[in-house]
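Q: coords below, sequence missing:
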C-alpha cells in the first residue's frame with residue numbers, strides 16, 4: 001500500500017471513529033455539548049478526507 005492510500009485510509013478511519021463515538025454518545029443519552037462537538041469534528045474530518053482524496057486522485061492522474 002502506498003503512502004497516499006494509507007493517508008486516505010487514516011482520514012476515512014478517523015471520520016468513522018468520530019461518527020461511532022457520536023452515535024454511542026447519543027444512544028447513551030450523553031451530553032448535548034459533546035454531541036455538538038463530535039458533529040463539528042466529524043464535519044471537519046470529512047472535509048479533510050475529501051480534500052485528501054481529491055489531491056490523491058489529481059496527483060495520480062497528473
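A: Nice, I can see it. Owing to the predicted nature of the structure, the values given are computational and were not obtained by experimental measurement. Numbering: from 1, shown residues only.
Q: now do the helices in this structure.
A: 3-27, 32-61 (DSSP state H).
Q: save those helices as CSV, and put in mean pLDDT and mean neighbour count too.
A: (Glycine included, C-beta is placed from N, CA and C.) Output for the helices of the chain, formatted as CSV (pLDDT from 0 to 100; neighbours: other C-beta atoms under 10 Å):
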stretch, mean pLDDT, mean neighbour count
helix 3-27, 94, 14
helix 32-61, 94, 13
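Q: residue 22 is in contact with residue 32, isn't it?
A: No - proximity of residue 22 to residue 32 does not meet the contact threshold set by C-beta atoms under 8 Å, at 11.5 Å.
Q: look up how far residue 32 lies from residue 15.
A: 21 Å (C-beta to C-beta, to the nearest Å).
Q: just give me how far stretch 46-62 sits from the chain centre.
A: In terms of C-alpha atoms, centre = their mean, to the nearest Å, the centre of stretch 46-62 is set 14 Å apart from its chain centre.
Q: run through who's touching that stretch.
A: When contacts are defined by C-beta atoms under 8 Å, 6 or more residues apart in numbering, stretch 46-62 is touched by residues 4-5, 7-8, 11-12, 14-15.
Q: and with 6 Å instead?
A: The contact list for stretch 46-62, computed with C-beta atoms under 6 Å, 6 or more residues apart in numbering, reads 4, 8, 11-12, 15.
Q: switch those residues over to TSV; also include distance to residue 26.
A: Formatted as TSV, the contacts of stretch 46-62 follow (distance: C-beta to C-beta, whole Å):
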residue	distance to residue 26
4	33
8	27
11	23
12	21
15	17
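Q: list just the nearest of these to residue 44.
A: Nearest to residue 44, judged by C-beta to C-beta, of the contacts of stretch 46-62 is residue 15 at 9.6 Å.
Q: chain neighbours aside, what residue packs nearest to that closest one?
A: residue 45 (4.7 Å; C-beta to C-beta, 6 or more residues apart in numbering).
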